[in-house]
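[1] Test case, fold it:
(chains A, B and C)
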Amino acid sequence: MNIHPNTEQAYRLFHDGTLAFARAEQQGIRVDMAYAERKKQELDDEIIRLENTFKQTKLYRHWQHVVKKDPNIHSGTQLSHFLYNVKKFKPVKTTVSGQGATDEEALMDLNLPELKDLIQIRKLKKVRDTYLEAFTREQVDGYVHPSFNLHLVKTFRSSSDRPNFQNIPKRDKESMQIIRDALYPRPGHQLMEIDYSGIEVRIAACYHKDPTMIQYINDPTTDMHSDMAKQIFMLDEFDKCVKEYSHLRSAVKNGFVFPQFYGDYYGNCAVNIACEWCQLPTGKWNKEDGFSMFGDHLGNYFIRRGIKSLEDFTQHIKHIEQDFWYNRFPIYRRWKEHWWKQYQKNGYVDLLTGFRCSGILSKNDTSNWPVQGAAFHCLLWSFIELDAIMRRNKWDTRLIGQIHDSIVLDVHPNELEMVAKIAQQVTCHDLPQAWKWINVPLEIEMEIADVDRPWSELKNYVIT
DNA sequence: GGAACTCGCCAC
DNA sequence: AAACGTGGCGAGTTCC
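    Numbers count the residues shown, from 1 in each chain, chains lettered A, B, ... in the order given. Model prediction:
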């Protein structure tokens, strides 16, 4: 049995990490309490208004009639029973326990305008109850102190709770604005966020060393996601700066490339790209289907090229998946196979950072966990180092949180330039110096909000 | 009346 | 043959 030589270092990383996180927890994040209370009140009113609207619909009255009392409109069980057993609608999908699903996708598929109110009610309740309410409940003297845990996650990542600082809405503009408007720096300071760009792809490359992938990472004039978008959408030209192409690139990046890396297969990827990103229907496609691109509908574009349905598109993606793993990234594929075999033989997989995952792992787990864990450890190492530098030099700037591949800081304006410079140095230079197995360049992106402005107002920051 | 569960949904 | 990973949390439900 091999004993991994870095076990002591792995212990040290978590020991030092725990102390650095404790200091961030103690520091905390300022909450605008007056705003949070006011906003909760506004949401109460809006939710009641939407509930009343919903309760005046024929659909609701029918529901009320069949159960002979007031149904709970927030109960998935009751809604599922009414829609699929009473009304006999056909659910697009079922939940794990087998009942008809009532999530957003399933409700939208029924195409009933009344249900859109229900979806909006859910969203506002989520914002109010999961986030604003948690902030006001957990705050002490106007600061929340989220916990950052290093002992709970089987991949040796971190988790956060009370409140969870790692799942604050970002993509949905409306939710993002409402919630991040409540979070502020200390008076006279600025919120800053420093992210590792594409850290999991880079760390995966340190394991599998696929030359094509390393080439993509090393050469900034190439772009893996653009190349895959060109192939999937059968394009000769591709400029990711053009709006239409940039949407296709996102569709391919989030609907094909990343799911493939995690171990998904062409069937799900085809649905991801076509239905979730390009508004194409399941089954047969029409000329008017899909979003409009350069004055043409995507449905028409594909039909002219012989792809006339989701089934055709699925076959297309199947071929591309084959090409992806057998021609484009064959070394990456062999690494996955090798690690699965090694796990079956030994009963564990080791991370490049000296941790060992054992117990029951699926085939996908054996390649996903080491990447996910070690990528986070890059962030953790940088967090510890920055914390040490800032304390040694008695800076006023504080680290206040971390979201797997990013660090959130509460910065004194006079220290901003210095913080940015040192952060660049630590994350992209000192870390690869310390961990020789990092054989690809690392990059970060920085964002900053103005003095006394909330987290919703982050803007790109470039070192001058 | 609390534990354990399901479901839905937020993040990376 | 089968089919994407890691978490936290609120509300509803079921079980004891």
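[2] Next to DNA strand C, which bits of the stretch 201-350 of chain A? Give me the list.
    Taking C-beta under 7 Å from any atom of the strand as the measure of proximity, the stretch 201-350 of chain A contacts DNA strand C at A:258-259, A:262-265, A:267-268, A:272. In this view, the C-beta of every residue, glycine as well, is placed from N, C-alpha and C.
[3] Surely A:Phe256 is in a helix?
    Yes. With DSSP: H, G, I helix; E, B strand; the rest coil as the criterion, A:Phe256 is part of a helix.
[4] what's the spacing between A:Asn300 and A:Lys287?
    4 Å (C-beta to C-beta, to the nearest Å).
[5] more neighbours, these two?
    The neighbour comparison of A:Asn300 against A:Lys287 (other C-beta atoms under 10 Å) goes to A:Asn300, with 17 against 13.
[6] could you measure the more buried one against A:Gly347, distance?
    For A:Asn300 relative to A:Gly347 (C-beta to C-beta), the value is 54 Å.
[7] How about A:Ile217?
    Relative to A:Gly347, and taking C-beta to C-beta, A:Ile217 is found at 32 Å.
[8] And A:Gly295, by the same measure?
    If you measure A:Gly295 against A:Gly347 using C-beta to C-beta, the figure is 58 Å.
[9] Please say which of the two ends up with more neighbours.
    A:Gly347 (12 against 5).
[10] quick one: pLDDT of that one?
    Reading off the confidence values, A:Gly347 has pLDDT 89.
[11] So for the strand or helix carrying A:Trp381, what gets flagged as buried?
    Using DSSP states H and E, A:Trp381 sits within helix A:363-392. Buried residues in helix A:363-392, counting neighbours by 16 or more other C-beta atoms under 10 Å, are found at A:365-387, A:389-390.
[12] filter those residues down to the ones close to DNA strand C.
    Within these, those near DNA strand C by C-beta under 7 Å from any atom of the strand are A:365, A:368-369, A:372.
[13] what's the closest of the residues you listed to A:Arg38?
    Checking these against A:Arg38 by C-beta to C-beta gives A:Gln372 as the nearest, at 39.2 Å.
[14] Find the residue closest to the closest one in space, skipping its chain neighbours.
    Once flanking residues are discounted, A:Gln372 sits nearest to A:Thr155: 4.6 Å by C-beta to C-beta, 6 or more residues apart in numbering.
[15] Confirm for me that that neighbour is in contact with A:Gly359.
    No. The pair A:Thr155 and A:Gly359 fails to qualify as a contact (C-beta atoms under 8 Å) at a distance of 11.6 Å.
[16] Looking at these two, which is more packed in?
    Neighbours per residue (other C-beta under 10 Å) separate A:Thr155 from A:Gly359, with A:Thr155 holding more: 18 against 8.
[17] host element of that one?
    Per DSSP H and E: nothing holds A:Thr155, as it lies in no helix or strand.
[18] which residues does it contact?
    Shown in contact with A:Thr155 (C-beta atoms under 8 Å, 6 or more residues apart in numbering): A:357, A:368-369, A:372-373, A:376.
[19] Report pLDDT for it.
    Value listed for A:Thr155 in the pLDDT field: 86.
[20] do A:Thr95 as well
    A:Thr95 carries a pLDDT score of 85 in this model.
[21] again, but for the one 10 residues further on
    A:Glu105 is assigned a predicted lDDT (pLDDT) of 84.
[22] isn't it right up against A:Lys93?
    Yes. Between A:Glu105 and A:Lys93 there is a contact at 7.3 Å, judged by C-beta under 8 Å.
[23] measure A:Ile317 to A:Asp396 for me?
    Separation of A:Ile317 from A:Asp396 (C-beta to C-beta) stands at 53 Å.
[24] Then A:Gly373?
    Distance of A:Gly373 to A:Asp396, given as C-beta to C-beta: 33 Å.
[25] Which of A:Ile317 and A:Asp396 has more residues huddled nearby?
    A count of neighbours by other C-beta under 10 Å puts A:Ile317 above the other of A:Ile317 and A:Asp396, at 25 against 14.
[26] What number of neighbouring residues does the closest residue to A:Lys363 other than its chain neighbours come out with?
    Nearest residue to A:Lys363, sequence neighbours excluded (C-beta to C-beta, 6+ apart): A:Trp340, at 4.9 Å. Neighbour count for A:Trp340, taken as other C-beta under 10 Å: 18.
[27] what's near enough to touch A:Trp340?
    A:363, A:366-367.
[28] Could you give the secondary structure assignment for it?
    With three-state DSSP as the criterion, A:Trp340 reads helix.
[29] What pLDDT does the model give it?
    93.
[30] what do you get for A:Pro169?
    90.
[31] any idea how far the host helix or strand of A:Arg38 is from the chain center?
    Element membership for A:Arg38 (DSSP H and E) is helix A:33-55. Offset of helix A:33-55 from its chain centre (C-alpha atoms, centre = their mean, to the nearest Å): 28 Å.
[32] Now do whichever helix or strand comes after that helix against helix A:33-55, angle only.
    Next in sequence after helix A:33-55, counting helices and strands by DSSP H and E, comes helix A:58-67. Relative orientation of helix A:58-67 and helix A:33-55, computed by axes from the mean of the first three to the mean of the last three C-alpha atoms, to 10 degrees: 70 degrees.
[33] mind listing what's buried in helix A:58-67?
    A:59-60, A:63.
[34] Look up the closest residue to A:Leu59, ignoring the ones flanking it.
    Leaving out its chain neighbours, the residue that sits closest to A:Leu59 by C-beta to C-beta, 6+ apart is A:Glu114, at 4.7 Å.
[35] what's the burial count for that neighbour?
    Neighbours around A:Glu114, by other C-beta under 10 Å: 15.
[36] For it, give me its contacts.
    So, once contact is read as C-beta under 8 Å, 6+ apart, A:Glu114 ends up touching A:54, A:57, A:59-60.
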